[in-house]
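Visitor: structure here, sequence nowhere to be found:
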């Protein structure tokens, strides 16, 4: 018989409702938003794949710079750190400081304290801010990978032009924020042909992957900035 979920912590967000961290075993956690389960520590296959695939091209890079949008449980961040050199720089943008506190506290054992790794800098705010800043600065402020692990991925109802993350204008900013050959990696609930076409129009080479085998699995979009 499954153990009952216990609420570890909760807080009311400004726009979305109540976020809760629940636990029913040593490493069995979920994060919920209202009645919706956003993250499950026992089902992180796509998040791990997102992190690994997003930085796979940087394994031999002496000092890569990576931007991450969304901290969540820190699973994607752990996969990124495990793939990079000790001299890497990883900037994580997270909207809610409470999420960072959870990753430093009750969730820290899941990732061996990934958020406290000296290579990591956490910024509180919307990742759109970080991308815009990098796109408008000089080459020193650009990134070798931009990885988005947000709880809402691109989908058929996305505003094709004006969506702040997945619309064509946002993709243009992301391209400018990347170094040549950089990777833009995005987690999604499912395939979205429109998003892939928008990436291709902005001179990205695009791949779509479903991590793992069998059953329903979430999606990873990989877009490589062409060296032109």
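Guide: On my side now, so go ahead. Only a predicted model underlies this, so the values are computations on that prediction, with no experimental measurement involved.
Visitor: who are the contact partners of residue 27?
Guide: 41-42, 109-110 (CB atoms under 8 Å, 6 or more residues apart in numbering). For glycine as for every other residue, the C-beta is placed from the backbone atoms N, C-alpha and C.
Visitor: do that again at 6 Å, thanks
Guide: Residue 27 makes contact with residue 110, according to CB atoms under 6 Å, 6 or more residues apart in numbering.
Visitor: go on, the one 5 residues further on?
Guide: Residues touching residue 32, when contacts are defined by CB under 6 Å, 6+ apart, comprise residue 20.
Visitor: torsion angles phi and psi at it?
Guide: Main-chain torsions, residue 32, degrees, to the nearest 10: phi -120, psi 150.
Visitor: again, but for residue 98
Guide: phi -60, psi -40.
Visitor: residues near it, how many?
Guide: 15 (other CB atoms under 10 Å).
Visitor: correct me if wrong: it contacts residue 11.
Guide: Yes - the criterion here is CB atoms under 6 Å, and residue 98 meets it with residue 11 at 5.1 Å.
Visitor: worst-scoring helix or strand of the chain, pLDDT-wise?
Guide: Using mean pLDDT, DSSP states H and E, the weakest-scoring helix or strand in the chain turns out to be strand 36-40, at a mean of 91.
Visitor: residues of that strand that come out buried?
Guide: 38-39 (16 or more other CB atoms under 10 Å).
Visitor: any idea how far the helix or strand following it is from the middle of the chain?
Guide: Using DSSP states H and E, the helix or strand that follows strand 36-40 towards the C-terminus is helix 45-55. Chain-centre distance of helix 45-55: 9 Å, with CA atoms, centre = their mean, to the nearest Å.
Visitor: chain center to stretch 130-140: distance?
Guide: Chain-centre distance of stretch 130-140: 18 Å, with CA atoms, centre = their mean.
Visitor: work out for me the element residue 221 sits within.
Guide: strand 219-225.
Visitor: neighbouring strands - and their directions - for that strand?
Guide: Applying DSSP bridges, strand 219-225 is found paired with strand 178-188 (antiparallel), strand 204-209 (antiparallel).
Visitor: residue ranges with poor pLDDT in the protein?
Guide: Within the chain, the segments meeting pLDDT under 70 span 1, 212-217, 228.
Visitor: all strands of it, in order?
Guide: Assigned by DSSP state E, the strands in the chain fall at 6-12, 18-25, 28-33, 36-40, 65-69, 89-94, 120-124, 143-148, 178-188, 204-209, 219-225.
Visitor: between strand 28-33 and the fourth one, find me the angle.
Guide: Just to be clear, that refers to strand 36-40. With axes from the mean of the first three to the mean of the last three CA atoms, to 10 degrees as the basis, strand 36-40 and strand 28-33 are set at 140 degrees to each other.
Visitor: now the longest one
Guide: Between the axes of strand 178-188 and strand 28-33, defined by the same axes, to 10 degrees, the angle is 90 degrees.
Visitor: against residue 105, how distant is the residue nearest in space to the middle of the chain?
Guide: By CA atoms, centre = their mean, the chain has its centre lying nearest to residue 149, at 2.2 Å. For residue 149, the distance to residue 105 under the criterion CB to CB, to the nearest Å works out to 20 Å.
Visitor: stretch 9-25 spans what distance, first to last residue?
Guide: Using CA to CA, to the nearest Å, one end of stretch 9-25 lies 15 Å from the other.
Visitor: starting at the chain centroid, how far to it?
Guide: The answer for stretch 9-25 is 19 Å, by CA atoms, centre = their mean.
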